[in-house]
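J.: Give the three-dimensional model of this entry:
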Amino acid sequence: GNGKRIAFTAPAEQMTIERLTLDPVTQQGVGLPVVIRRSSTSFEDLAISPNDETLATHTVGRKENLCLVAVDGQKLHGVTDDQFRNRAPVFAAKGTRLVFYSDRGGDYGVYSIATDGSGLWPLLPTGSPYYRRPTPSPDGRFLAVGSPVASRVAVLPLAAGIGGALSAGAQVLFEFDSRW
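T.: The predicted model follows:
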């Protein structure tokens, strides 16, 4: 050229979130998947809200933040916006709070946050051997959480507190290892 223009190529990866209808009897997919959101942002760990209207997920990359996506893919709402690794969000029983794990205390720990980003609370102390993939029971009474170091899963009591904040009991009710 003439020194005034340049042409170049750049990789542009696209992440999609897709929906597939399942046959309730056979649990097999019906039809083809439908793309509900296409983005250059990568997402992991999709969880469906109790009312089936919202997906909870987290971004992947230098910043790992929690976000909510409408099931039609049209609305994306950030829940966290910080430098911590916020991972594996799931909805608590009523759908107004998320439970997730994060390294915000230096070590990974289990936290709860309102879906509007307010009311961040630790559920288990940082440094606990249990923090991986926290999952509240459908009735909201228990929290199952894994330990990547010991390959174990613990079940703890879970209670709603002031303003809907969640708290986990310190006493492990059940504990299972990878042989169970």
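J.: Next, the contact list for the nearest residue to residue 75 once chain neighbours are set aside, please.
T.: Distance criterion Cβ to Cβ, 6 or more residues apart in numbering; nearest residue to residue 75, sequence neighbours excluded, is residue 69 at 7.0 Å. Heads up, the C-betas are built off the backbone N, CA and C, glycines and all. Residues in contact with residue 69 (Cβ atoms under 8 Å, 6 or more residues apart in numbering) are 17, 37, 43, 54-55, 57, 75-77.
J.: Hmm, residue 108 is touching residue 125, no?
T.: No. Using Cβ atoms under 8 Å, residue 108 is not in contact with residue 125, being 11.0 Å away.
J.: Which one of the two is surrounded by more residues?
T.: Neighbour totals were compared for residue 108 and residue 125, and residue 108 leads with 21 against 13 (other Cβ atoms under 10 Å).
J.: so how far is the helix or strand the more buried one falls within from its chain's centroid?
T.: Per DSSP states H and E, residue 108 falls inside strand 107-114. Centroid separation for strand 107-114 versus its chain: 11 Å, with Cα atoms, centre = their mean, to the nearest Å.
J.: So which of the contacts of residue 69 is the closest to residue 100?
T.: Of all the contacts of residue 69, residue 100 sits closest to residue 57, with 10.5 Å by Cβ to Cβ.
J.: Can you say which of the contacts of residue 69 are buried?
T.: Among the contacts of residue 69, the ones that count as buried by 16 or more other Cβ atoms under 10 Å are 17, 37, 43, 54-55, 57.
J.: Sort out for me which of those are in strands.
T.: Counting by DSSP state E, the part of the buried ones among the contacts of residue 69 found in strands is 17, 37, 43, 54-55, 57.
J.: Which residues are in contact with the residue most central in space within the chain?
T.: Computing the C-alpha centroid of the chain and ranking residues by Cα atoms, centre = their mean puts residue 89 first, at 1.8 Å. By Cβ under 8 Å, 6+ apart, the contact set of residue 89 is 45, 47, 56-58, 66, 79, 98-100.
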